[in-house]
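[1] kindly generate the corresponding structure for this input.
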Amino acid sequence: MGIGHDCGWRHVTEASQRPAVFLDRDGVLIEAIVWDNKPFAATSPEDVRIIDGAREACAELSSLGFLLVMVTNQPDISRGKISQLFVDQVNADIARKLSLDAVRVCAHDDRDACLCRKPKPGMMIEAGAALNIDLSSSVVVGDRWRDIEAGKRAGCKTVFIDYGYDEPLRSVPDHTTSSLRQAVFWIRDQTPSQRISECHKN
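    The predicted structure is shown next:
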């Protein structure tokens, strides 16, 4: 299953479920490495660059009452291309800079048939149970078909950030846009105004 990390800046009470936005890492929160119009994950510290507008986008999602959970496939760990330590350090730095509530990582490859590797929904389901998340009110934001399929299987709404990769979608997202910032606009429009007002009161 996924390697979990709850960041601890904010705590969820067990009294009521909260919605979350599940955010893919490479291509959503940090820049993906693109070769031949196909995305790849960061493999060195020099590759890790927070996407323009990601801080503001995460802050707004948090202000709307969403928990922020990064969910990322990192199969290069099992392939021996990068270390678990490197991924943990990168993820901790991203979580700190963007004030994420939790991180879930799948280090497996497809051949491992792991339940946490997207397009399977294990990371969302695991985080949902650990953080008392209402998956039906939650949103998955990703830039690849695996993100969208995983979100669908978890029972979440889905937003696809379309960078024009040479990789077709396999299911239809609830919304398609060109950036995380634009995704936030759509999510905000789907969010009941009551939740916004209650959030500001707290």
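
[2] C-alpha only now, for contacts and for neighbours.
    Noted.

[3] strands of this protein, residue ranges please.
    All strands of the chain, identified by DSSP state E, fall at 3-6, 20-23, 33-35, 38-40, 67-73, 102-106, 139-142, 157-161, 175-177.

[4] so what secondary structure elements neighbour the fourth one?
    In this structure, strand 38-40 makes packing contacts with strand 33-35, judged by 3 or more C-alpha pairs under 8 Å, 6 or more residues apart in numbering; DSSP states H and E.

[5] thinking again about what came up before, let me have the strands of the chain in TSV, adding mean neighbour count, mean pLDDT and distance to residue 58 as columns.
    As requested, the strands of the chain are exported to TSV (neighbours: other C-alpha atoms under 10 Å; pLDDT from 0 to 100; distance: least, C-alpha to C-alpha, whole Å):
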stretch	mean neighbour count	mean pLDDT	distance to residue 58
strand 3-6	16	54	16
strand 20-23	28	98	9
strand 33-35	12	93	22
strand 38-40	16	92	22
strand 67-73	26	98	7
strand 102-106	24	97	13
strand 139-142	29	98	12
strand 157-161	24	98	15
strand 175-177	16	98	16
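
[6] in JSON lines: the ones you listed, plus distance to residue 50.
    Below are the strands of the chain laid out as JSON lines (distance: least, C-alpha to C-alpha, whole Å):
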{"stretch": "strand 3-6", "distance to residue 50": "20"}
{"stretch": "strand 20-23", "distance to residue 50": "13"}
{"stretch": "strand 33-35", "distance to residue 50": "12"}
{"stretch": "strand 38-40", "distance to residue 50": "15"}
{"stretch": "strand 67-73", "distance to residue 50": "13"}
{"stretch": "strand 102-106", "distance to residue 50": "16"}
{"stretch": "strand 139-142", "distance to residue 50": "15"}
{"stretch": "strand 157-161", "distance to residue 50": "16"}
{"stretch": "strand 175-177", "distance to residue 50": "19"}
